[in-house]
Structure formats: structure tokens, C-alpha cells
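Colleague: My questions are about this predicted structure, shown below with the sequence.
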Amino acid sequence: MTCQATGQIHAYLWLINGLPPSGSRVQLSPDKRILTIRRLTRRENKGPYVCGIQNPFFSNRSDPFTLDVAYGPDTATIVHTVDEYPVGANITLSCSADSNPPAQFIWLQNGQSVSNSATFSIIASLSDAGTYTCTASNSFTGLTHNASKTIIIYAPLSKPTILTSNNTAVETKDFSLTCNGTGQIHAYQWLINGLAPADSRIQLSPDKRTLTIRRLTRRENKGPYVCEIQNPLSRNRSDPFTQYVAYGPDIATIVQTPDVYPTGANITFSCSAKSNPSSQFTWLHNGQIFSNAASTYVTATLMHTGTYTCKASNSFTGLMHTQTKNITIYDGPDTAMIVRTPDVYPTGANITFSCSAQSNPPSQFTWLHNGQRVSNSATFSIIASLNHAGSHICIASNSFTGLMLTQTKNITIYAQLSKPTILTSNNTAVETKDFSLTCNGTGQIHAYQWLINGLAPADSRIQLSPDKRTLTIRRLTRRENKGPYVCEIQNPLSRNRSDPFTLDVAYGPDTAMIVRTPDEYPTGANITFSCSAQSNPPSQFTWLHNGQHVSNSATFSIIASLNHAGSHTCIASNSFTGLMHTQTKNITIYAQLSKPTILTSNNTAVETKDFSLTCNGTGQIHAYQWLINGLAPADSRIQLSPDKRTLTIRRLTRRENKGPYVCEIQNPLSRNRSDPFTLDVAYGPDTPRIIPTVDQYPVGANIMLICSAKSKPPAQFTWFHNRKKLRHSAKLSITNVSLNHAGTYICHASNSYTGLNSTKHKTLTIYAKEKNTTLSAEDKNLTINAEFTIYENLMKHNKTINSTSFVIENGTAVLTCNTEDEDLPDIWWYFNNKRLILNDRMTLSEYGQTLTIMPVKREDSGAYRCEMWNPFLVHTSNSFNLVVSYGPEEIKILPKHVHGQIEVLLKKKLILECWANSQPPAQYIWQVNGSSISGNSGNTYTISQASWEHAGTYTCVAMNKVANTTISTKITVKVIEKYLMKPTLTISSIGIIMDNGTVVLTCNAENEYSSIARENAGT
């Protein structure tokens, strides 16, 4: 391509897609007028292309030119469809190929033309099967591409039938089925009971057309059977075929009846055998046929004794089976039989005696008790008493036959046992001592049994006497051995239990425990001392301060003063057991620190000089700390005295060391900070900067030169032209410039306070201005209009704000807009994308470069940015997110608690959550009974399975390390076995209670697993 234009053309310029040419295939002529593209591509080289012409004062560009590249056709593609169709299906074939101009298409079937379009359709018949070829061509490029697809057509399959290998299927023989069908059959499939064959006795021919069953069975192989024929687009199934399997007879079975009969009895004989078809039956008596039926009967006589045989046969299968039964006939009586009843009875039970014996005629019966006649009937009854125990004999006789038989039964009678009682070895159960319980009962006692908490004794410290009547507990404990205890007495028909007996074990006091609280307090704090010790009966408590008696209660409080410091001892005693334990806690008291002040080494801070600050404070000061811009000193030029009271800055700089500075005094319970102190560092002037930087101007132009130099206090400026003084000002304005204005301009900056000065030179060249010229391009008729701007950007795009990062609420925040032109006016500030409106806590420096907020509040948190203006343009800094640190405050512990107490069931889960309002978010520490818990620094504390040891005081401490602030709150956790039902109160006295009389109040509560709550006596 050639850029065609006329006029005073100094240079040609090409743009492709708005960018200069960059590919290795794009080449330019030496004068850049002609652009050549090697190996043109359709996508990368379509443009648009623009050419431009230039001279020192004018430029112009052509209209965009886009290439239309001819290509293709690319590889022909047939739209993906299936390769197999049934007769009558609608088949659509479609071909495509990427081409410019678009490709022409021809379709061939088996080499014969069938269509000249990209897409065509047919209704499928068997003659439409074969190979289809799509040919795509482009007459413009002369290229051609082909694509082929093979189509197969299938006709529907007709229903098949099942043929058998013979007419009869006989059990244990082989049998075959063949699937008979016509058409385009690709595969055969068999289904037995709707499932594919899985039995190892089922065998299929290689083409699966014939199915053979090895060793046919009546149940597993009756079917039904279905065969299916298949091709890729059609399938059909036969009607179900069910096998009729001949078998049997199986083992002959005689219906079970007695083997012994009295004369005259009706005897029925019945035989069965599984067979298909049904069996024929024959009965033989001692080898002689007497019936041809499956069932027959006779009336018993002595001649009917003998062997009876059932013969089952199947004339179809030729199989036969037999079964034999022996019958005996008696006249009687037979063995006497006493009806089975228990051998053991309680007194008062109804006992029935019944006797029987087979006899013809029936037997006569006589009953004897311990040899004495008591009844002449087969059955009689009695009401059991102890004198009915002994031997009972039944005598069965037949006066006709003269036979007699007897049977004996022994009976035992037991009386009801009375309730036993538990006797103790002594009156008092004391922990670590042995203690015995004895089960006291009367009557026919065969055995003793003990239950502890409803279970049999299992502890190795529990010992039983040989008869198990006495239970001894070795080394008694308060929890494991309190019971309740129950003893039980037993005989075969009776048992009874004592009332439950619970041990009240005396113990303690155990180790005295002072509730964990801090060891250090400020003056005026409310300090509560609380002591506990497990004991029965409850302990008595005494408190000593530095050895002096101060209280006789478990808990007492004081208002902290310096004389309360020292040792506090709790003494827990039990007058019943004579035991005593002590525990001691040491307390330290601190007074509040007053606000410190910052003293300086001299009145003036000068850049590059050393400068010292001293923290001045009074009181119990343990440590000093310095903060610069809210952070600890980190610069190697910052040095601290050994006690960190004095901070010295080596080689002071204007930016890094202006502060603000804060000093803090500390002791373990108090800290205080000075007011912020900001250094006003004198410096400069630095080397001046002249804007704009353009050095060449046409005659008649208006020029504004601005000189600036960083300096504090601000510098004074003087302008010189060719060594001749012009004026005292930062700005120099020249209107309607001429050739006489060319030359060297000098800006001289000075600071009378520091005595320093510096200069900057700038040389201007003035050109005679030419008239605007219109140039025309032959190819595109483009017009080049040249314009020239004499101003440049006064600021770079990377202007930033420096800030003190985290600022603690009520402290001071200082934000500075950093520019290279610090003395330029018109700096605007924005807060959360809105123009900042100053309040009474905000001040700006002289040129608006520094924004100070004092004191800073949490509502001042947000996004700040600065914006600088000059006569030519405006620039904006990136946003800076100021975060005001506060808190923690409003601390609370969840779940909700009542009067500072939370109850949790024994062995249940409890999750404590602590929350406090803080920025940044608070860090948490949990304490149990005053001791910190390692590994629990989150806002939750979890008790996975509550035990008695988890009861106590839980304290959540919330900390803000940025604000150096800490608060805490606490709750009491009580572990209970089960929530108690509401108790009732009963009074032993009725009516009016007399003065100095006695009254007993009883708290009644019922709960199988209730805990025992011990409270102080009250009204």
C-alpha cells in the first residue's frame, strides 16, 4: 500500500488497528511511504490501515482502509448425524466450508450427482443406502475440498417363534429351545423369567440362537422363556414359552399317626408323593394287598397288628417309591400318666392333680398322699399349705383285665418372705474408713443379694461374706459409696427387698481454694475475696491479712487502697472431722499515673541537625514508650536512652521526622500518654523547578513561566533574562513574544530564615510562525490540520497521600498530599468521594497540603484523597483508607445468664461466646478461676463434656493491641446432674409457734438423679 499525498511532507507514518506496524511480515520502504505485507492472512492483516503525513508544524491522516482477503474453501465438513436409519425416516444432509467468497456445493451418492445445494433431504428406502460425498469449491480461488459419509438403511423385524428339540421335557434330562425368525437379524437374545440366562447349566450356541438346558429341574427351568431378534434399528420378541416338566414320584410319605391302638379304635392310613402326572397308590398289610387308594381305614382288632406298606408309582416315568409303618393293638390299661404340673408351689395356691391310662374298659383311679388315701377320682384339687408337701401317687387299675399301674409326683410348698432390713456396723460413715451393712430377714431364705445404685456390686473394694448376708466397703469414699444400697432375700417362689439405704459420708475439708482473681489492682477498685473447700458438714472459714484476722465468712469485699497490699490467707476447717486447710493470695495495689509532657532539647528543629525529646512524668512509672505517627520507633537514626525516657533524632529530615510524637508512661495497671507533639522542621530552598518544560515557541505566543522550590518558610523568587533582573515573583508572564524574547531565563530562590539559596536555568527558542497549509492526498482525499499546545502536565500520575496508618480514637491524624510542586496553590481534599467540609476538629496547612484532625473520632474513618489544580489541568491521588482504632467496649458473654450464672447438665456440651465492640477486632483470652487457658485465644470457649471440675468462674478478657486497651467480664458456670423439680416446704409444728420453741422445716424434692444443692441457712 502507498500513502499518496501532496505538500511539504517531512515524514510518513502508518497505523494498523491504531498501532504502529510491529510484525516481521510487515515491511516499509526507506521513506516509509510504501507498506508491504508478506504472506497475507485473512485475520491478522485485514486492518484497518491509516497513513499519516507530517512537517514540524502540521500533520494529517488518511481515512481508515480495510482489506477484504479472498480465501478457501477450507476443509469441507458434513454436519454430524447418525449413520443408520429405518425405512421411511427423513434424512437431511448438510455440508459447510469456510470460504470468501462463499463456496459452491455438489452432493454425490455412490458417485452419482443428487444435489447442487449445501443441504438436501430424502425419505429413507433400502435403495438410499451407500456413500454420500460433499464437494465444496471456490471459482475465485480455484480450490476444492471433499467430505464423505456412509448411510445404512434397515427394515423392521417380524416376531420370532420358539422351537423345541422334542415333545416332552423330563426332569434330569437335557432339553433345547431354538429362536426362529426372518429378516436382517444381527443378534439373538434370550430372557428367562424376564432376565438374561445366568445358570451354569444354561448353554447358548455360538450365534446365541439355540438355548440348551443341562439336567432339567421341575422348579428352576419351567420358565417362561422369551427370545429376541435384533439389528441396530429394530428388535422383536417371541411370545412367552413355559416348560411342562414331567417328574416323580418323589419319596412316598405316610401321614403321621400313633403306632399303638386299643382294640376297637378307628385307624386311618394315608399316603402321599409328589409326582407329575399324579402317582398311583397301593397299600399292603404284611405283604398282602388290601387297598388301591391313597387313603383307607380299619377298625382295630388284635389281628390288625403288623407291617403296613404304601407303594407310589408313575406309569409315565416308570418310577416307584415305598414307605412302611408298624401298628400294635393293646387292651389296657397302659402306663399311668400324671398330667405335667409344677413341683413347687406357694402357700394358698390352687393345685390340681390329674391321672390317665389307656384301657378298655376304662381304668379306675386311686390317689395316695404320703401313703394315705385322699381321692378315688382321676382328678382332684387342693388349696396349698405347708402340710400338703410330700409324695402323691396315682394307681390305675382295670378289673376286667386284672392289670394295675402306678405313677408318683413329689410337691414342695413355700411360704411368702417378709421385707428385710439393713443393719450398719456403726452410727457414722467416715471417708477412708471401712463400713459394713448386714441384711436382716426371717423365713425360708435360700439366698441373699445386694444392689448398689440398682446394680450388683462390682468394685474391688466391695467385699461380701460367704453367705452374702454382710457387705463391707473398704476405704469409704464420698461419691462412689453413697448408694443407695438395697438387700434382697430369695427362695424359689418368693423374694423381697429392703428399703433403699443411703450413706451420708462425712469428709473434708479438702484443699482450700481461693477463687482466681487478678493479683494487681488500681486504688479504688472493688476487690472480692472468695474461698471454698469441699466438706461435709460444711467448712468454717477465717481470713487473715498479713497475719491479722479480717473476716469469718467465705467471701468478703474491700475498696482497694495502698495499705491493702500484702498476703491474704483463707483457713477452712471442719469441727466434726478436726481437719483444716489453708490457701494464700498476694495482692499488689497501684495508684493512677498522671499525664506526662514532652520536653525538647532546644526551641528550633533544623533539617540535618540532631534533636532530642524527653518524656516527663511522675508516679509509679515502670516503663516509658514512644510512638511516632502511632507506631513504635523503627528508624536507625532514632536513638533511645537506656531507660527509654529520652528520644534523640540524628540528622533531622523534613518529611520523616515531623511526627507527631507521643510518649507513654506505664505500670502493670495504669498507663497515660502525652498530648501529640509535632516538629516544625525548617529547610530549603531545594533546587527550583520551572514549568512548563517546552523550550520552543512561535512568534506571537503567550508564555507563562512558573518557578517553585521546596522550602520552609516559603522561598522568595527573582527572575533574570540574559543576566538582567526582571521581577521578584514566582510567576513570569510574557505576552505576544518576539524574537527578542529568546535567550536564557534564570529563577533564583532564597530563604532568609535558613540563609540558603539555589537557581534554575531555562533557554527559550522563538520561531517565526508559518500560515496553516492544507495538504491533499490523491488516494484518500485526507486533510491534515496541525495544532500545537505550549502547555504540559504539571503533575505526575503517582501522587500519594502519606498517613499515620492506624490512629487511636481521640488521638491526632495527619494526612499529607505529597507532590513535586509543594508550593503550588489550590489543593482540594475529598472524604468518601465528596468534597471535604472542615469541622472544628480539622485544620489545613498554608497551601492545603497537610490535613490535621485532632482529636480524631471513629466517624472520621473512611476514604480520603487530595486533588491538585494548576492553570492547565488537575490531578487526583489514589484513595487512602483511614482507620480509627477504638475499644474494646460493650463486652458480653453468651448464652444469656441469670444473675451472672449459667447452668449446664453433667456430661453435656457448653459453648461460651464472648463479644466486644472494637476496631480492629478484639483479641480474646479466657480465664478459669483466674488462670489463663493455653490454646484458647478465640472468642469462644467449648466444654465438650461437662464434669464437676468445670464448675467455677469464667472470665473473658478482650484486648485491642493497637489502642493498647483491655476490658473483661465474667460469669459463673454451675454443673448439675439434672434440673430439679420445684421443691415444697413442710413444717413439723401445727398452729402457732411459741417463742424459744422448736420448729423443723423440711425441703421436699423428688428426682431420681437430682443433685444435692447446699445453700447457706436463711429465712
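Modeller: Sure thing, it's come through. Numbers count the residues shown, from 1 in each chain.
Colleague: which residues of the stretch 51-200 of the chain score low on pLDDT?
Modeller: 167 (pLDDT under 70).
Colleague: Run a quick neighbour tally on residue 424.
Modeller: For residue 424, the count of nearby residues is 14 (other C-beta atoms under 10 Å). (Each C-beta comes from the backbone N, C-alpha and C, glycine too.)
Colleague: quick one, what contacts it?
Modeller: 435-438 (C-beta atoms under 8 Å, 6 or more residues apart in numbering).
Colleague: what do you get if the cut-off is 7 Å, keeping everything else the same?
Modeller: residue 437 (C-beta atoms under 7 Å, 6 or more residues apart in numbering).
Colleague: so how far is residue 418 from it?
Modeller: Taking C-beta to C-beta, to the nearest Å as the measure, residue 424 falls 20 Å from residue 418.
Colleague: Beta-bridge partners for residue 225, please?
Modeller: Note on residue 225: beta-bridge partners by DSSP bridges are residue 192, residue 241.
Colleague: try residue 491
Modeller: Here residue 491, judged by DSSP bridges, has bridge partners residue 494.
Colleague: Might one say that it is in contact with residue 416?
Modeller: No. Using C-beta atoms under 7 Å, residue 491 is not in contact with residue 416, being 9.5 Å away.
Colleague: between the two, which one's more packed in?
Modeller: residue 491 (18 against 14).
Colleague: residue boundaries of the strands in the stretch 451-600 of the chain?
Modeller: Remark: strands assigned in the stretch 451-600 of the chain by DSSP state E, counting those that start in this stretch are 462-464, 470-473, 485-491, 494-497, 505-506, 513-514, 520-522, 526-532, 540-545, 548-551, 555-559, 566-574, 579-590, 597-600.
Colleague: ok, and for the fourth one, which residues are buried?
Modeller: So that's strand 494-497. 494, 496-497 (16 or more other C-beta atoms under 10 Å).
Colleague: repeat for the last one
Modeller: Using 16+ other C-beta under 10 Å as the test for burial, strand 597-600 gives residue 598.
Colleague: what helices or strands is that strand leaning on?
Modeller: strand 611-616 (3 or more C-beta pairs under 7 Å, 6 or more residues apart in numbering; DSSP states H and E).
Colleague: C-terminal to the strand it packs on, what's the next element?
Modeller: strand 623-628 (DSSP states H and E).
Colleague: can you pull the buried residues of that next one?
Modeller: 624-628.
Colleague: Mind pulling up the pLDDT for the residue nearest to residue 311 when sequence neighbours are not counted?
Modeller: Closest residue to residue 311 apart from its sequence neighbours, by C-beta to C-beta, 6 or more residues apart in numbering: residue 282 at 4.4 Å. On the pLDDT scale, residue 282 is placed at 94.
Colleague: which helices and strands sit right next to the helix or strand containing residue 282?
Modeller: Secondary-structure assignment from DSSP H and E places residue 282 in strand 280-285. Contacting strand 280-285 under the criterion 3+ C-beta pairs under 7 Å, 6+ apart are the following elements: strand 288-291, strand 306-314.
Colleague: one more time with 8 Å
Modeller: strand 266-272, strand 288-291, strand 306-314 (3 or more C-beta pairs under 8 Å, 6 or more residues apart in numbering; DSSP states H and E).
Colleague: So what angle separates the directions of that strand and strand 266-272?
Modeller: 140 degrees (axes from the mean of the first three to the mean of the last three C-alpha atoms, to 10 degrees).
Colleague: Please export the C-alpha coordinates of strand 280-285 as PDB.
Modeller: C-alpha atoms of strand 280-285 as PDB (Å, rounded to 0.1, in the frame of the first residue of the first chain):
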ATOM      1  CA  GLN A 280     -51.000 -94.400  41.700                       C
ATOM      2  CA  PHE A 281     -51.000 -95.900  45.200                       C
ATOM      3  CA  THR A 282     -51.200 -99.500  46.600                       C
ATOM      4  CA  TRP A 283     -51.400-100.500  50.400                       C
ATOM      5  CA  LEU A 284     -50.000-103.900  51.600                       C
ATOM      6  CA  HIS A 285     -50.600-105.400  55.200                       C
END
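Colleague: residues making contact with it?
Modeller: For strand 280-285, using C-beta under 8 Å, 6+ apart, the contacting residues are 269, 271, 273, 289-294, 296, 304, 306-315.
Colleague: coming back round to it: mean pLDDT and distance to residue 395 added to the strands of the stretch 451-600 of the chain, as a markdown table?
Modeller: Listed next are the strands of the stretch 451-600 of the chain as a markdown table, based on pLDDT from 0 to 100; distance: least, C-beta to C-beta, whole Å:
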| stretch | mean pLDDT | distance to residue 395 |
| --- | --- | --- |
| strand 462-464 | 94 | 50 |
| strand 470-473 | 94 | 51 |
| strand 485-491 | 95 | 33 |
| strand 494-497 | 93 | 34 |
| strand 505-506 | 86 | 67 |
| strand 513-514 | 93 | 85 |
| strand 520-522 | 91 | 104 |
| strand 526-532 | 94 | 84 |
| strand 540-545 | 95 | 85 |
| strand 548-551 | 94 | 95 |
| strand 555-559 | 94 | 90 |
| strand 566-574 | 94 | 79 |
| strand 579-590 | 93 | 80 |
| strand 597-600 | 92 | 129 |
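Colleague: how about those strands, which one is nearest residue 61?
Modeller: Evaluated over the strands of the stretch 451-600 of the chain, closeness to residue 61 peaks at strand 597-600, with 65.8 Å, by C-beta to C-beta.
Colleague: before we move on, what SS does residue 412 have?
Modeller: Classification of residue 412 by DSSP: H, G, I helix; E, B strand; the rest coil places it in strand.
Colleague: ok, back up a step: within the sheet, what are the partner strands of the strand holding residue 282, with directions?
Modeller: strand 288-291 (antiparallel), strand 306-314 (antiparallel).
Colleague: Pull out the buried members of the contacts of strand 280-285.
Modeller: Judged by 16+ other C-beta under 10 Å, buried ones among the contacts of strand 280-285: 269, 271, 273, 291, 294, 296, 304, 308-314.
Colleague: and which of those residues is nearest residue 661?
Modeller: Once C-beta to C-beta is applied, the member of the buried ones among the contacts of strand 280-285 that ends up nearest residue 661 is residue 273, at 117.4 Å.
Colleague: shaky segments in this structure?
Modeller: For the chain, the ranges with pLDDT under 70 are 167, 330-332, 400-401, 769-805, 819-826, 846, 869-874, 935-936, 979-999, 1003-1019.
Colleague: Let me see the contact set for residue 226.
Modeller: By C-beta under 8 Å, 6+ apart, the neighbours of residue 226 are 190-191, 194, 237-241.
Colleague: Just the buried subset of those residues, written out for PyMOL, thanks.
Modeller: Applying 16+ other C-beta under 10 Å to the contacts of residue 226, the buried members can be selected in PyMOL as follows:
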select buried, resi 190+191+237+238
